[in-house]
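Student: Starting from these lines, generate the structure:
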Amino acid sequence: MEKILTSKSIGILSSALLVSGTSVAQYSPQQSFTGKTGKTLEESIPAKIEYNPKAVAGSPNVVWILIDDAGFGATTPFGGLIETPNIERLANNGLRFTNFHTTGISSPTRAALLTGRNHHSVHIGLLTPAVIDFPGYDTRMPFEKATVAEILRDNGYNTFALGKWHVAPVIDNGPAGPFNRWPTGRGFDNYFGFLPGATDQWHPELWEDQTKQPQTAGDKHLNELLADKAIKYIANQKSGNPEKPFFLYLATGATHSPHQVAREWIDKYKGKFDEGWDVYREKVIKRQKEMGIVPSNAVLPEHNTDVKPWKSLSSREQKAMVRFMETYAGFYSYTDYEIGRIVDYLDNIDLLDNTVFIVILGDNGASRGGGQTGNINPAINRLNKDEKIEAILQADNLGTDGTRMDYPVGWAQAANTPFRWYKASANSEGGTRNPVIIHYPNGIKDKGGIRHQYGHVIDILPTTLDILGIQPREVINGYRQQPIEGVSVAHSFEQPDAPSKHLVQYFEIASGRAIYYDGWKATAPHRQGNHPEKDVWELYNLKEDFNERINLVKKYPEKLKELQDVFDREAKKYNIYPLKDFSVARMPEGRTIYGNTPDITLYPGVDHLWGVNSPLYERKSFVVTAQTEIVTGKEAGVLFAIGGDQNGISLFIKDGKLHLAHKNKDVVNYIVATEEIPVGKVSFRFDYEFDGSSGGRERLFINDKEVGVRDFGVNDARITGASGFDGTDVGRDLNHPVSDKYASPFPFTGKIKNVKIHYTKLYNDDLPERI
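Tutor: The predicted model follows:
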């Protein structure tokens, strides 16, 4: 019997479930029909019921742009030397905010930005691979804390997301989902981009909505693909409903490593950085003072302890280091060019004046990922210092898909001018201070104005809602909403000297802590592996010492105690505890969609698996078994392949024999089976036995009979391809072939039932190369 719920009973049920912590759809009686219903159409009078929300007429469009891994002093709008004319155009016709902050690292900043809540409050206290089962770190953003897209769609907007997501649990990032924490599950009508923290710029791992896209040929840069799709989304939306506003969120892959861009953009900076990173800092702070970005009496802080003075480098070292900054600058300028295409398109169709642009120049400070001498690719990175310098000078492939470039710490320090330290240093301004531009011709009169009010990335959402005049509903998608934690800075649009409304803000990433409280800041830098209680606190008065040069902890111990108490209060309020550091990023459950399962089954026809969708192989012992049907004995092709660029493994059949190819540093070693391939149902097995230190043994089996064996040393143990887009294949070997005995893709001509991977022993993983 169908159970009918009255509005009264539904209200009682909803209240009971909400009290119990269970969210349910918020039922409400259907809107009253005001027409007349007769037996025939002639006897009836229609009356329209509005089922979809409508935006207020004339509501502006909104575009958020988030640049990745960008330092405060990198680009021209804020005194830097990297030319970004399109971003500068927005700044010159809008407002520059110089005192905005991020969380200090990728996933947390994005979660805070999208929800207007602190990152631990929305369960993303660290990078998504560093998942651990505590409320602040389980990487599952609560639906009770709606995203900007969910709020705006609920108010009549179309919503589009492009580029980097990085806020879904890693284990959900595969083709089977679940998809409720993908962009399309968190309020976006359409999505085009990549889910993890980074991707190759020439061969990006892309999804559209929930569908994996074919791997690109490398003839188009990711920036171009994103701009093309953004323009397409806008064109289709406005052609379909020109009165309906849109929200577009573009999170570029740039300028995160790999720093990849066409040679023409690199060449624009030839010779521009020959004076080195120390002179760069001096030039930039001078420009920043002249522009009013920093106080006129600002002083550069001392060198970060891990940065060598430029003059201490040899001339060969200097020439090599310059090449990194030329590449990075070209990468950033090209990103600006593609952003300009979107701006120009809106201008061309007369929508620019009624579009709110909010550009956040970095999800954290500049990255120190390149170490002392930068990263090019694994082959060059592993050379000793002198050999590496010569290889960098001779390299003719900078910016191409043959590189995984990341500049050295000296340039990261320079890009963060006038602050100390880097990305992931949540306790420092260098890790967290990222400038913001707001451009809205119809709503901002002070063109080119500068604002110094304190702000945080959680303030972007309430500022946007303030501009639009939107008050979020109490219930969105059936979930009763919890308060937004940021505050609007829109009051400063008409009042340049208005006081800051954001008076308290905590920072915490991997146990590095800080607390801002009305101009004072206490910080606790953390060294990985140390107990947090051993961290030494520092104290700064940012009103007089904006870039943290003068530690006042000995002078004002009572002020430090006051701020420590504030941090503890905020920590308990927002799920910061328990403190943890990057050691959890080694846990396999955060590195791949397969979590820590010991058994994986792959089927013929599966997409090329790479990034978080590929099983892990390095520093592990495992067994790969391909179940097949051999009809003629003449079948040939690849059964299973991993990698291919410089390193990789391929299990294949050729000339009636089973082969195992293991490529390491472009040298391929083979095992060829001692017996012919039988017909019928045949099991082909490969055992990879790694002892964790000195090397191991590879063994081949046909129907559980050993048919080949090879020992290898620890220096020949590498499996994963050097290129980020070389992953796992079943029944073929895409991209770079592992073996020179066949041409890619060398598809298997027989029948594969499945390929199973079984892990027999796990060793500690190295930290991810890029965070």
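
Student: how near is Gly399 to Arg368?
Tutor: 21 Å (C-beta to C-beta, to the nearest Å). Backbone N, C-alpha and C define where each C-beta goes, glycine included.

Student: My error: substitute Leu660 in the last question.
Tutor: 39 Å.

Student: Return the set of buried residues in stretch 460-473.
Tutor: 460-468, 470, 472-473 (16 or more other C-beta atoms under 10 Å).

Student: May I see the buried residues of stretch 172-186?
Tutor: So for stretch 172-186, counting by 16+ other C-beta under 10 Å, buried means 172-174, 179, 181-186.

Student: what does stretch 523-532 give?
Tutor: Across stretch 523-532, burial judged by 16+ other C-beta under 10 Å covers 523-526.

Student: Assess the claim that Phe652 and Ala743 are in contact.
Tutor: No - Phe652 sits out of contact with Ala743 when judged by C-beta atoms under 8 Å, with a separation of 11.9 Å.

Student: Neighbour count: those two, which is higher?
Tutor: Taking neighbours as other C-beta atoms under 10 Å, Phe652 and Ala743 compare with Phe652 leading, 25 against 9.

Student: give the contact list for that one.
Tutor: 636-639, 641, 658-659, 661, 733, 739, 741-742, 746, 748 (C-beta atoms under 8 Å, 6 or more residues apart in numbering).

Student: Take those and write them to a markdown table, including secondary structure.
Tutor: Output for the contacts of Phe652, formatted as a markdown table (DSSP: H, G, I helix; E, B strand; the rest coil):
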| residue | secondary structure |
| --- | --- |
| Ala636 | coil |
| Gly637 | strand |
| Val638 | strand |
| Leu639 | strand |
| Ala641 | strand |
| Leu658 | strand |
| His659 | strand |
| Ala661 | strand |
| Asp733 | coil |
| Ser739 | coil |
| Lys741 | coil |
| Tyr742 | coil |
| Phe746 | coil |
| Phe748 | coil |
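
Student: OK, contacts around the closest residue to Ile719 other than its chain neighbours?
Tutor: Nearest non-adjacent residue to Ile719, counting by C-beta to C-beta, 6 or more residues apart in numbering: Tyr617, 4.5 Å away. By C-beta under 8 Å, 6+ apart, the contact set of Tyr617 is 642, 649, 688, 719-720.

Student: same question, Ile509
Tutor: Neighbouring residues of Ile509 by C-beta under 8 Å, 6+ apart: 103-105, 108, 126, 424-426, 431.

Student: repeat that for 10 Å
Tutor: When contacts are counted by C-beta atoms under 10 Å, 6 or more residues apart in numbering, Ile509 touches 103-105, 108-109, 119, 125-127, 130, 364, 423-427, 431-432, 526, 581-582.

Student: which residues does it bridge with?
Tutor: Taking DSSP bridges, one finds Gly512 as the beta-bridge partners of Ile509.

Student: cool, Lys654 as well?
Tutor: In beta-bridge terms (that is, DSSP bridges), Lys654 pairs with Lys657.

Student: where does it sit relative to Glu676, distance-wise?
Tutor: From Lys654 to Glu676 the distance is 12 Å (C-beta to C-beta).

Student: distance of the residue nearest the centre of the chain from Lys753?
Tutor: In the chain, the residue lying closest to the centroid (C-alpha atoms, centre = their mean) is Gly197, at 3.3 Å. The gap separating Gly197 from Lys753 is 35 Å, by C-beta to C-beta.

Student: cool, Gly713 as well?
Tutor: In terms of C-beta to C-beta, Gly713 sits 35 Å off from Lys753.

Student: I figured Leu162 hits Phe247, correct?
Tutor: No - look at Leu162 against Phe247 with C-beta atoms under 10 Å: they stay out of range, at 11.7 Å.

Student: Tell me where the stretch 501-650 of the chain has strands.
Tutor: 504-509, 512-517, 520-524, 538-541, 599-602, 620-630, 637-643, 648-654 (DSSP state E, counting those that start in this stretch).

Student: now those in CSV, with mean pLDDT and distance to Ala329?
Tutor: Listed next are the strands of the stretch 501-650 of the chain as CSV, based on pLDDT from 0 to 100; distance: least, C-beta to C-beta, whole Å:
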stretch, mean pLDDT, distance to Ala329
strand 504-509, 97, 27
strand 512-517, 97, 29
strand 520-524, 97, 30
strand 538-541, 97, 31
strand 599-602, 95, 42
strand 620-630, 95, 39
strand 637-643, 95, 31
strand 648-654, 96, 33
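
Student: Export those as JSON lines, with columns for distance to Thr147.
Tutor: Formatted as JSON lines, these follow (distance: least, C-beta to C-beta, whole Å):
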{"stretch": "strand 504-509", "distance to Thr147": "21"}
{"stretch": "strand 512-517", "distance to Thr147": "25"}
{"stretch": "strand 520-524", "distance to Thr147": "29"}
{"stretch": "strand 538-541", "distance to Thr147": "34"}
{"stretch": "strand 599-602", "distance to Thr147": "32"}
{"stretch": "strand 620-630", "distance to Thr147": "37"}
{"stretch": "strand 637-643", "distance to Thr147": "36"}
{"stretch": "strand 648-654", "distance to Thr147": "39"}
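
Student: Ranking those by mean neighbour count, which comes first?
Tutor: strand 637-643 (a mean of 27; mean count of other C-beta atoms under 10 Å).

Student: Go ahead and measure how far it is from the middle of the chain.
Tutor: Mean C-alpha position of strand 637-643 versus that of the full chain (C-alpha atoms, centre = their mean, to the nearest Å) differs by 29 Å.

Student: what helices or strands is that strand leaning on?
Tutor: strand 620-630, strand 648-654, strand 657-664, strand 680-690, strand 728-730, strand 751-762 (3 or more C-beta pairs under 10 Å, 6 or more residues apart in numbering; DSSP states H and E).

Student: For Ile349, which of the ones you listed is the nearest?
Tutor: Evaluated with C-beta to C-beta, the helices and strands packed on strand 637-643 place strand 728-730 nearest to Ile349, the distance being 43.3 Å.

Student: confidence score at Gln30?
Tutor: Gln30 is assigned a predicted lDDT (pLDDT) of 53.

Student: in the stretch 51-200 of the chain, which spans are helices?
Tutor: 85-92, 106-115, 148-153 (DSSP state H, counting those that start in this stretch).

Student: Sort out which residues of the helix of greatest length in the chain are buried, please.
Tutor: Counting residues, the longest helix found in the chain (DSSP state H) is helix 315-348. Using 16+ other C-beta under 10 Å as the test for burial, helix 315-348 gives 317-318, 320-340, 342-343, 345-346.

Student: Over to stretch 494-504?
Tutor: Buried residues in stretch 494-504, counted by 16+ other C-beta under 10 Å: 500-502.

Student: what's the answer for stretch 428-446, then?
Tutor: Neighbour counts over stretch 428-446 (16+ other C-beta under 10 Å) mark 428-441, 443-444 as buried.

Student: List the ones among the residues you listed that fall in helices.
Tutor: Using DSSP H, the buried residues of stretch 428-446 in helices are 429-432.

Student: Nearest to Gln31, out of those: which one, please.
Tutor: Thr432 (47.3 Å).

Student: Helix, strand, or coil at the closest residue in space to Asn397 that isn't next to it in sequence?
Tutor: For Asn397, ignoring the flanking residues on the chain, the nearest one in space by C-beta to C-beta, 6+ apart is Thr403 at 5.9 Å. Under three-state DSSP, the three-state class of Thr403 is coil.

Student: residues near His120, how many?
Tutor: Neighbours of His120 (other C-beta under 10 Å): 26.

Student: And Ala298, by the same measure?
Tutor: Around Ala298 there are 17 residues (other C-beta under 10 Å).

Student: What of the one 4 residues further on?
Tutor: The burial metric for Glu302, expressed as a neighbour count using other C-beta under 10 Å, is 9.

Student: Provide a list of residues in contact with it.
Tutor: Taking C-beta under 10 Å, 6+ apart, one finds 420, 549 in contact with Glu302.
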